[in-house]
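>>> Structure of the sequence below:
(2 chains)
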Amino acid sequence: MSQAGNLVLVVDDEPQMRKFIRASLESHGYKISEAATVKSALAQVASGKPDLILLDLGLPDGDGIELTRQLREWSEVPIIVISARGREADKVEALDAGARDYLTKPFGVNELLARMRVALRHAQAVTAASAQPIFEAGELRVDFVRREVQRAGVTLHLTPMEYKLLSLLVRHAGQALTHRKILSELWGPGHTTQTHYVRVQMAELRKKIEADPARPKLLITEPGVGYRLRDSI
Amino acid sequence: MTDDRPDPDVLLRRVNAEAARAGRGKLRIFFGFAPGVGKTYRMLQVARELATHHKRDVLLGIVETHRRAETMALTDGLETLPRKPIAYRGHLLDEFDLDAALARKPEIVLVDELAHTNAPGSRHTKRWQDVGELLDAGIDVLTTMNVQHVESLNDVISQITGIQVRETVPDQVLDRADAVELVDISPEELLDRLREGKVYVPEQAKRAVEHFFMRGNLLALRELALRRTAQHVDEDVQEYRAQHGVSVTWPAGERILVCVGPAPSSGRLIRAAARMAAGLRCPWAAVYVEGLGLHTSSERLEAHLRLVESLGGEVTRLAGARIAETILSYARRRNVTRIIIGKPTHPRVRDRMRGSLLDAVVRGSGEIDVHVISGDAGDDAVQSRPTNAGDRSSGVGYVTATALVGAMVLLGLALRALGDLPDLEMLFLLAVMVAAVWLGRGPSLLTAALSVACYDFFFVPPFYTFSVSDRRYVLTFTMMFGVGLLLSELASRLKRQERNAVAREERTAVLYSLSRDLGATSDPISIATTAARHAAEIFAARAVVLQLAADGELRSLGASPPDATLELKDLTVAKWAATHAELAGLGTHTLPGSVSICAPLQIASVLGVLVLLPHSAAAHTVEQRAFLDVFCRQLAAALERVRLAADARVSALRAKTEEMRSSLLSAVSHDLRTPLASITGAATSLRDDHALSEGTRAELVEAICDEAARLERLVSNLLDMTRLQSGAVTLKQDWVPLDEIIGSALTRTEERLGERAIRIELSPELPLLFVDPVLFEQVFVNLLENAAKYTAPGTPLELYATCKPQRISIELVDHGPGLPEGDEEKLFEKFYRGPNSGVPGAGLGLAICRAIMEAHGGTIRALRKPDAGAAFEIQLPIAAEPPSVEGAVP
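Here you go, the predicted model:
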């Protein structure tokens, strides 16, 4: 499943940042187009049909979150939001508006490539409409056909809620999931403020799937945003 | 003011005066000793010169040429402002159009006859007030006035010339003029001009004028004018010396107090005090004692007190039964050096009976000089006219008195019919007493007289005649009348005392409840609402409190009734009151025709305006005026208190930020530069040095990554600290399990912790914590990073969390070198670095931890563990009952 040759639109008003991303991605076989403003980004999405967008939230002529909302009205192109630490609320808003994932500045190139791979893979999986029947990460193995969850070869007994939660996480493996998203998927859209439901369930799930629940390796907390299930260790 | 240091008030006034003067127009007064000396002519000459030679924008606002060709010729070519016609009692009066002049906004405007009284219906009663407004607007004004219009010289001049001048200008206006130019000709020349018809004389005033223009008068007036001008010059010099630091002996010792009352002679006393104060260059005040003597004629007293203010004196009202003592104790309190008091004009007998005020003041004055000044000739008549405003002196009282005596006669006759009773005179004494207590003085005197007559006529043999057979009865009559007189005097005195006491009591009670209510408020809106409610009650009016916003607009802050609104014209009055910091509206000098009274709320600057819309148009009494003043001061003080508190908060925060910024700068300069230097060095080597081995290159790249990460942590810490300190951080608290937070912190510090064994013991009873998950995690990240930095790689860490009553205790223990003794608290200070300073960092991590814990209502402290290294203990109160997690499993 090669992702080389995919067109990536980099939307950032910092020329140095665009330069660094272009240099790193081109050497991995991606094609790059660049935009420094909301306006030019919209134009390029319409004309160039990129496979992925890297979007910096602070743009001179508008708000990246608003751009995400606008794009979501007519395009399913995966968007990875780039934002500074301390702006957790922005990240949550961007994710809830339809962004696939986020990266906190400063980030390393490996982190960027990993996030892009996950985002592109999920996008292709959606178009191919073929979910994987088996998910494996570290010691965890989830068999959706047999509804069986194992850790280090030992079958785990999950409650129906835990199983639903784990399934949701696996479907978005490698990506950040906001509290709101999890709540509305599992408890329904009426419960999006009771974030402690998620936290309690998460703690229970960790006790089962993590080797050392106090130092989780799989089910990672994204502070102020939500959770991420690592798709590999 | 007993020491000779400059009074801070004086300094402040000077600073304010200068600030005010900066944007203020300049006032130039052409000053003459009599009409006809050529003031208008000279003013026009100067105006022409300014217009033609200096190319200044000159406007003739109002100039009285009296159709004299020479004068009119000078106005040619200068722009003249059209006059404003004002209809008054069927006449059309031409007045100076203040609004048009302000709208036209020339550089210089000519306004003739400063002392002129405006037609009723104009904005101000006096023209000098118009001029004040022009000056405030930054327009220079040229004007004219004669010496007899100077307020403080008014009575001296009326003594000299025998003509009472009604139009006066407060001395302050003259004192504040930037230039006073004396227009002087000899009296002989003036008389010549008068004979030649060159002096304008209104037809109806011919006789008076002839009396006025007598050589002796003119000489005296000229001398006064010269002296007054010289005084102005002298003031200029003084001011200059003071401004330029020339050491000047400030006559700080003197302070004058003048005792005023409603008697007309008080006006003279006030002017004398003002003159004396000007001569001595000292402050002066007027005191009025609300005593128990003759009841006050309010209107005139108020006029006197206004006069005091317009002459620059301070007004104080005191209350007390013993007038002399009250005055003297006040004088001592205020370090008064001279007391001015009127010469008594009443008969000596009265002093014998009641004691003399003058005598009491003089005897008790001690080291204070007492100046006794005579009243006008016409005073006695006015002063001795009894004004028993408080007595029931209407016809009803007299009728009742007559009826009472009639009833006593009938009763006496009836009793006599029953048998011969002695001492029937007691009945009449009873009538006199009743009348004295309930009917007031006049009727009680009538009762006494009638009683004597009736007793004589009906009950003293021979009956039914006024003749008296027994001498003994003469004594009875005298006693009866005397007792009546004495009783009525005592009763009416008691009544007045009671009335005054009740009024004072009421005022005190109202002020007390106001100050209590205001004290309980802490924001401007509730202060305004409370004050408006009180004002509406006290002054029987609708009340609106307006706040003067920073942009100069007035905004309603509170009203009573709450839906009370102001019309545009009331707002205009309020605006005037705010900009001029003076009372305006109904019954005042300014815009007296309006329906509202606007009182400025002023402490150092005007904070707002209290607008009263009285239910009835009856003008407010003096007492109410004085009370309004006190009320406004209290309201202003409350508003100021709130404003200052807000200011203090802001400046405290600013000071803290400032302090933060300076320590930040010093820390940043070193700690930011070090990693930057390493990065620059490594990067330039990689770019320029092509001979580097592969291994060295890899090392340099690694160094760049490490240093960049360090820089990132440092910048994050600085930002966190700044945000926490500036109050920009609001906690986003949520119910979170502790294990999630610790787990997340451990994941984030995974790399730096390396392969350390970490023992984690969390009590199973731990409830959910109500914390900001991001910030609370930061506390652990910082603690773990510190442990990684200050302990050798591989040393184990222990983390315990236990549930104690009402709080949760979390402890992180390391096995490193421990903490130096005495450093436990210092560690939490910003930018404090322990002795192990080989380790890079800015000394912010623990300060951030403490700030976060304090924001959560918790604590963090460092402990020295004898058997281990350092320990950090976090305590967090269990805020409330954690929410149910029943719903977590639907």
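
>>> need the contact list for residue 79.
With no chain named, the answer covers chain A. A:Leu52, A:Ile53, A:Leu55, A:Thr68, A:Leu71, A:Ala94, A:Gly98, A:Ala99, A:Arg100 (C-beta atoms under 8 Å, 6 or more residues apart in numbering or on different chains). Using the backbone N, CA and C atoms, a C-beta is placed for each residue, glycine as well.

>>> my bad, chain B
Each residue near B:Glu79 by C-beta under 8 Å, 6+ apart is listed here: B:Val58, B:Leu59, B:Leu60, B:Pro106.

>>> I'd like the contacts of A:Ile79 laid out as a markdown table, including pLDDT, secondary structure and neighbour count.
Shown next, in a markdown table, are the contacts of A:Ile79 (pLDDT from 0 to 100; DSSP: H, G, I helix; E, B strand; the rest coil; neighbours: other C-beta atoms under 10 Å in any protein chain shown):
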| residue | pLDDT | secondary structure | neighbour count |
| --- | --- | --- | --- |
| A:Leu52 | 94 | strand | 23 |
| A:Ile53 | 95 | strand | 28 |
| A:Leu55 | 93 | strand | 26 |
| A:Thr68 | 92 | helix | 22 |
| A:Leu71 | 91 | helix | 21 |
| A:Ala94 | 91 | helix | 30 |
| A:Gly98 | 90 | coil | 17 |
| A:Ala99 | 92 | coil | 27 |
| A:Arg100 | 90 | coil | 26 |
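
>>> Just give me the closest of those to B:Gly267.
When the contacts of A:Ile79 are compared for distance to B:Gly267 (C-beta to C-beta), A:Ala94 wins out at 80.5 Å.

>>> need the residues of chain A near chain B, please.
Within chain A, the positions near chain B by C-beta under 8 Å from any C-beta of the partner chain are A:85-86, A:88, A:106, A:108, A:159, A:161, A:186-187, A:191, A:194-197, A:199-203, A:206, A:213-217, A:220-221, A:223-224.

>>> Apply 7 Å and report the result again.
For chain A, the contact set with chain B under C-beta under 7 Å from any C-beta of the partner chain comprises A:85-86, A:88, A:106, A:159, A:161, A:187, A:194-197, A:199-203, A:213-216, A:220-221, A:223-224.

>>> Determine which two of the contacts of A:Ile79 are furthest apart.
Largest separation among the contacts of A:Ile79 by C-beta to C-beta: A:Leu52 and A:Ala94, giving 15.1 Å.

>>> Let me see the contact set for the residue in the stretch 301-450 of chain B positioned nearest to chain A.
The stretch 301-450 of chain B approaches chain A most closely through B:Glu314 (59.1 Å), counting by C-beta to the nearest C-beta. Applying C-beta atoms under 7 Å, 6 or more residues apart in numbering or on different chains, we find B:Glu314 in contact with B:Ala285.

>>> in chain A, which spans are strands?
Counting by DSSP state E, chain A has these strands, from start to end: A:7-11, A:31-35, A:52-56, A:58-59, A:62-63, A:79-84, A:101-105, A:134-137, A:140-143, A:148-151, A:154-155, A:176-178, A:219-222, A:226-229.

>>> The longest one: which residues count as buried?
Neighbour-count burial for strand A:79-84, with 16 or more other C-beta atoms under 10 Å in any protein chain shown as criterion, is recorded at A:Ile79, A:Ile80, A:Val81, A:Ile82, A:Ser83.

>>> do the first one as well
Buried residues in strand A:7-11, counted by 16+ other C-beta under 10 Å: A:Leu7, A:Val8, A:Leu9, A:Val10, A:Val11.
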